[in-house]
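>>> predicted model and sequence follow; I will ask about them next.
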Amino acid sequence: SNKYFPESDKVVWVGLQMFLKKLIEDFDEYFFKRDVDEIVAEYELYIHNTFDETADSSHIRELHAMGYLPLAIDSIEEGTLVPYRVPCAVVYNTHPNFAFLTNYLETLWSCSMWLPATSATTAYLFRKIIEAAVDKASDNKNWVRCGCGDFSYRGMASPDAAINSGAAFLTSFTKTSTIPAIQALCHYYNADVTKEEVGSWSTSVEHSCTTSNFAMDGNEEDFFVRMLTEICPNKPFSFVADSYDYFAFLDVIVRKHKDLIVKHGNVRLRPDSGNPKLIIVGTANEANENSTLEEKGSLRILDEIFGHTLNSKGYKVINGAKLVYGDAMTLQLVPEILKRMEEMGYAPENVIFGVGSFSLQYRSRDSQGWAYKCTYAEIDNKPIMVFKDPKTDREGGIAMKKSQKGMVFVFRNDAGEIEFQDGFTSETIPDNNLLRPVFRNGELLIDEDLATIRNRLHNG
């Protein structure tokens, strides 16, 4: 496993189809359909005046005249769990005059591809955590898709980053507050919101709503009651409950309006500050009538107010309002909370975990060691084996930055695990490569849908 991402020794390969469709769209709109003299003038303005570069621009004119990108891209199927160091895709030129394009693409590719794959891997690991909890303590099999939601949009580096990451997150879950990610999956992955659950969330009350109403009413109670009876009487909603005194909100307002909440039937209360684990499960191993609210924790308080139903595995599902918590949830913290919930006898569906930018933004291209390397060339029809193997790169006896040599064959061994062999030429590489053709000369050859990729990842 990678030292920057020790939780995983594989990557969820996803995002290429979106990248390629954007590549086709952008080159068509911003390059091939534009006037070539205008493009060359722009190229020379920024390249000749900002770099030590005075070469002519004939290669730009020649590419424009082609009318398409003379590149070929082969890829492992998206939604595949790929072991580290196995190449997920290869890029090569299809015309001898445009060998430079493979390296031109490197920076754009590297910038675009590491984030969706890394976020998809993070989401997959959260999914495995939820699946284990459901297997142990729940009858609700659908909860594996709902136990975590994407709360990251406002904390990501840019709208594009939020969309790329958010779309990838939805390969493992169906809950999101990143609405443009849903649109992206429909546009780039043939999803259909009218026929499938691409991504969804219920009405969510934010702090601005609660505090504005507090300023008008002098309390949170009136607004909460209006949410139950007037604003969302017949649909699910979550209510942020920590604007002032969270535990008092539970103990006074929620307790007072127990009957309205039960009648409504689908309310999630959202604490959003403090120590998540202690707020959810409390500080006391055992609680009694003399315990403080903080010692009891949210689940015990809600259980005390509403009671619970035991599922077939003997775990408690609280009857009234449940929780959603989205502040600083991590791959380390969520299992701790679920383990403590299990010890206390609570089923996992009592809490939805919101995964925010703390878990999705604090990653980099190095988190899973993404790299784009030249490994093979042909000059005057002679195969050239290209590789790097820095002597200074020997961490724990492993050459982390050593690249493959020559063309690479990716296959499944007898145990079904993905491996690779390198050292091939274009003449000797086997035909049954898991790196299958997906792009040729400006055209997308494979156009899959979200359901196929989700199924491959979780059932394949």
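In hand now; what should we look at?
>>> ranges for the helices of the stretch 151-300 of the chain?
Secondary structure of the stretch 151-300 of the chain by DSSP state H, counting those that start in this stretch: the helices cover 159-169, 179-188, 207-217, 221-226, 246-248, 255-256, 258-264, 276-281, 293-306.
>>> of the ones you listed, which is nearest residue 387?
Residue 387 sits nearest to helix 159-169 of all these, at 30.1 Å, using CB to CB. All C-beta atoms are positioned from the backbone trio N, CA, C, and that covers glycine.
>>> so what's the residue count around residue 51?
Summarising burial for residue 51: neighbours were counted as other CB atoms under 10 Å, giving 8.
>>> for residue 131, give me its contacts.
Residues in contact with residue 131 (CB atoms under 8 Å, 6 or more residues apart in numbering) are residue 144.
>>> give me phi/psi at it?
Main-chain torsions, residue 131, degrees, to the nearest 10: phi -60, psi -40.
>>> mind pulling up the pLDDT for it?
Looking at residue 131, its pLDDT reads 98.
>>> distance-wise, check it relative to residue 177.
Using CB to CB, to the nearest Å, one gets 22 Å for the distance from residue 131 to residue 177.
>>> for residue 336, same thing?
Taken as CB to CB, the span from residue 336 to residue 177 is 24 Å.
>>> between these two, who's got more neighbours?
Under the neighbour definition other CB under 10 Å, residue 336 and residue 177 were set side by side, and residue 177 has more, 19 against 13.
>>> report the central residue of the chain.
residue 169 (2.7 Å; CA atoms, centre = their mean).
>>> tell me who's in contact with that residue.
Going by CB under 8 Å, 6+ apart, residue 169 touches 119-120, 122-123, 150, 152, 176, 178, 181, 355, 360.
>>> if we go to 10 Å?
Residue 169 is in contact with 116, 119-120, 122-124, 126-127, 148-150, 152, 175-176, 178, 181, 199, 355, 359-360, counting by CB atoms under 10 Å, 6 or more residues apart in numbering.
>>> these in helices, which ones?
Of the contacts of residue 169, the ones assigned to helices by DSSP state H are 116, 119-120, 122-124, 126-127, 181, 359-360.
>>> please tell me how far the residue nearest to the centre of the chain sits from residue 126.
Separation of residue 169 from residue 126 (CB to CB): 9 Å.
>>> what touches both of those two?
Joint contacts of residue 169 and residue 126 (CB under 10 Å, 6+ apart) are 148, 355, 359.
>>> possible to save those as a markdown table with distance to residue 325?
As requested, the shared contacts of residue 169 and residue 126 are exported to a markdown table (distance: CB to CB, whole Å):
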| residue | distance to residue 325 |
| --- | --- |
| 148 | 11 |
| 355 | 11 |
| 359 | 13 |
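>>> for these, which one is nearest residue 370?
residue 359 (18.1 Å).
>>> pretty sure that closest one is touching residue 121, no?
No. The criterion here is CB atoms under 10 Å, and residue 359 misses it with residue 121 at 11.3 Å.
>>> my guess is residue 13 meets residue 114, correct?
No. The criterion here is CB under 10 Å, and residue 13 misses it with residue 114 at 11.4 Å.
>>> list the contacts for residue 115?
Residue 115 makes contacts with 15, 156-157, 160-165, 168, 360-361, 363-365, 367, 370, as judged by CB under 10 Å, 6+ apart.
>>> residue 374 is in contact with residue 407, isn't it?
No. In this structure residue 374 lies outside contact range of residue 407 using CB under 10 Å: 11.7 Å.
>>> between the two, which one's more packed in?
residue 407 (22 against 14).
>>> against residue 155, how distant is that one?
Remark: distance between residue 407 and residue 155 (CB to CB) = 41 Å.
>>> repeat that for residue 375.
Counting by CB to CB, the gap from residue 375 to residue 155 is 37 Å.
>>> residue 439 in helix, strand or coil?
Using DSSP: H, G, I helix; E, B strand; the rest coil, the structure places residue 439 in strand.
>>> where do the helices sit along the stretch 1-150 of the chain?
16-27, 36-48, 58-66, 100-137, 143-146.
>>> and the ones you listed, which one averages the lowest pLDDT?
For these, where the average pLDDT is lowest is helix 36-48, sitting at a mean of 93.
>>> which elements pack onto it?
Helices and strands touching helix 36-48, by 3 or more CB pairs under 10 Å, 6 or more residues apart in numbering; DSSP states H and E, are helix 58-66.
>>> for the helix it packs on, packing partners?
Here helix 58-66 touches helix 36-48, helix 100-137, going by 3+ CB pairs under 10 Å, 6+ apart.
>>> turn these into a markdown table, columns for distance to residue 300.
Listed next are those as a markdown table, based on distance: least, CB to CB, whole Å:
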| stretch | distance to residue 300 |
| --- | --- |
| helix 36-48 | 62 |
| helix 100-137 | 17 |
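>>> least confident secondary structure element in the chain?
Least confident element among the helices and strands of the chain, by mean pLDDT, DSSP states H and E: helix 357-360 (a mean of 90).
>>> quick one: the following helix or strand past that helix to chain centroid distance?
Of the helices and strands lying after helix 357-360 in sequence (DSSP states H and E), the nearest is strand 376-379. Relative to its parent chain, strand 376-379 has a centroid offset of 36 Å by CA atoms, centre = their mean, to the nearest Å.
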